[in-house]
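Participant: Here is a sequence together with a model predicted from it:
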Amino acid sequence: MNAASKANKSDVADGLRLLVDGRFNEYRMAEPLTFSGKSSKSYSFENVLVLPSNGRLILDPVTRHDGSIKSRLVANLDVAQAGHENRVQRIVDDADDGWEQQELSLLAVGAPTIRLSRLAEVVERMVA
């Protein structure tokens, strides 16, 4: 991973953490949550909110880097295929990374994608 990729990962992950801490901290799980995928592999997610329905909202940051795209796609798809109840997954990207539509379409196979810039309004609706 080059320096720019590390900075991008840090930017989207830091932006997500700041947003969640600032606006949705009351819903945030104190510790990362681990889910088993259909393959029985375990995946840990740091940004998990407890919804009013007692469901879990996983907010998983991704950067426009092949390794990040592949790892987030595999983790989210494997967890989704495991069929956990009361689990909602979103892959969070940053528009400033210059995403191409085919990259976002690929990520959406694992979980719906959402721009960091739109995340607050989407989460507001989910916790209402």
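Facilitator: Nice, thanks for sending it over. Numbering: from 1, shown residues only.
Participant: Helices of this protein, residue ranges please.
Facilitator: Applying DSSP state H to the chain gives helices spanning 3-23, 66-81, 101-110, 116-127.
Participant: Quick check: which of these is nearest to Asn47?
Facilitator: helix 3-23 (5.6 Å; Cβ to Cβ). C-beta: built from backbone N, CA, C; applies to glycine.
Participant: Buried deepest among the helices of the chain, which one?
Facilitator: For these, average neighbour numbers computed from mean count of other Cβ atoms under 10 Å are highest in helix 66-81, which has a mean of 18.
Participant: And the contacts of that one?
Facilitator: With contacts defined as Cβ atoms under 8 Å, 6 or more residues apart in numbering, helix 66-81 is touched by 1, 5, 9, 35-39, 41, 43, 58, 60, 62, 87, 89, 91, 103, 106-107, 109-111.
Participant: for stretch 50-61, same thing?
Facilitator: With Cβ under 8 Å, 6+ apart as the test, stretch 50-61 has contacts from 9, 12-13, 16, 20, 27-29, 33, 35, 45, 47-49, 72, 75-76, 79, 86-93, 111, 116, 119, 123, 126-128.
Participant: List the buried residues in it.
Facilitator: 50-51, 56-61 (16 or more other Cβ atoms under 10 Å).
Participant: And stretch 32-44, what's buried?
Facilitator: Under 16+ other Cβ under 10 Å, the buried positions of stretch 32-44 are 35, 37, 43.
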